[in-house]
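> starting from these lines, generate the structure:
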Amino acid sequence: MKLIILFGPQAVGKMSVGQELAAITELKLFHNHMTIDLVSPFFSYSTPAGKRLVKLFRQGIFEEVAKSDLEGLIFTCVWEFDQQADWDYINHISTIFQDQGGEIYFVELEADVEVRLERNKSPNRLHHKPSKRNLAFSEQDLIETMEKHRLNSYEGEIDREHYTRINNTMISVAEVAYMIKERFSL
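Predicted structure coming up:
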């Protein structure tokens, strides 16, 4: 069992890369908005009820996949490096898979903010993430989150055996997915 944690700032291309990586491997994609957008018709993700339900659904999926006979899972998320709670969450989901004998792979994406603002409007993103369709709100959230939190790691901050960082500002989704597949022999 493999868990690929694919992380980076909003609109860096995590879901698109995850879709392509899933297409060229036996891994299943679980992008973070699958649970956010499931819950959002009932409770905003910013509310305690919304956060609790998203966490509950994710926990259940992680636990079931970790003990299944699936090849593995690609999970996308934004990791706020200045928030201890995010470090704790990454460690928690890693432990779920490690306790079942799984291997954890960390893939960090980074891209220039101008490119991310353009990707924020991409048809694929808007199709798969209904909560991002309010472009004014989504763009404002992208900028405010970037100003408020550190969304990429410092050099050497992630000390894991299976870790790679890719600046995908000028690299296609297919190329990035292939790089990940080759780097980790997926």
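> what sits against the closest residue to I158 other than its chain neighbours?
Counting by CB to CB, 6 or more residues apart in numbering, I158 lies nearest to F106, which is 5.9 Å off, once chain neighbours are set aside. Where you see a C-beta, it was placed from the backbone N, CA and C, and this is true even at glycine. Residues in contact with F106 (CB atoms under 8 Å, 6 or more residues apart in numbering) are 5, 7, 158, 160, 162-164.
> can you tell me which two in those are farthest apart?
The span of the contacts of F106, defined through CB to CB, is set by F7 and H162 at 13.5 Å.
> out of these two, which sits in the busier spot?
Shown here are F7 and H162; by other CB atoms under 10 Å, F7 has more neighbours (24 against 15).
> tell me who's in contact with the nearest residue to the more buried one once chain neighbours are set aside.
Nearest residue to F7, sequence neighbours excluded (CB to CB, 6+ apart): W79, at 4.4 Å. W79 sits next to 7-8, 86, 90, 151, 153 when contact means CB under 8 Å, 6+ apart.
> tell me the SS of W79?
Recorded secondary structure, W79: coil (DSSP: H, G, I helix; E, B strand; the rest coil).
> ok, now how distant is it from P9?
Computed as CB to CB, to the nearest Å, the W79 to P9 distance reads 9 Å.
> which residues do the two both contact?
Shared contacts of W79 and P9, counting by CB under 8 Å, 6+ apart, come down to L151.
> hey, where'd the helices end up in this protein?
Ranges of helices within the chain are 14-24, 33-39, 48-66, 84-98, 113-119, 123-128, 135-148, 173-183, based on DSSP state H.
> which of these has the lowest average pLDDT?
Mean pLDDT is lowest for helix 123-128 among those, at a mean of 80.
> for that helix, packing partners?
Using 3 or more CB pairs under 8 Å, 6 or more residues apart in numbering; DSSP states H and E, the elements in contact with helix 123-128 are helix 14-24.
> tell me the angle the helix it packs on makes with helix 173-183.
Between helix 14-24 and helix 173-183, the angle comes out at 60 degrees (axes from the mean of the first three to the mean of the last three CA atoms, to 10 degrees).
> output helix 14-24 as PDB, restricted to C-alpha atoms.
Only the C-alpha atoms of helix 14-24 are listed here, as PDB (Å, rounded to 0.1, in the frame of the first residue of the first chain):
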ATOM      1  CA  LYS A  14      -2.400  19.100  -7.200                       C
ATOM      2  CA  MET A  15      -5.700  17.700  -8.500                       C
ATOM      3  CA  SER A  16      -4.700  17.800 -12.100                       C
ATOM      4  CA  VAL A  17      -1.300  16.100 -11.400                       C
ATOM      5  CA  GLY A  18      -3.100  13.600  -9.200                       C
ATOM      6  CA  GLN A  19      -5.600  12.800 -12.000                       C
ATOM      7  CA  GLU A  20      -2.800  12.200 -14.500                       C
ATOM      8  CA  LEU A  21      -0.700  10.200 -11.900                       C
ATOM      9  CA  ALA A  22      -3.800   8.000 -11.200                       C
ATOM     10  CA  ALA A  23      -4.200   7.400 -15.000                       C
ATOM     11  CA  ILE A  24      -0.600   6.100 -15.400                       C
END
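> alright, calling it a day.
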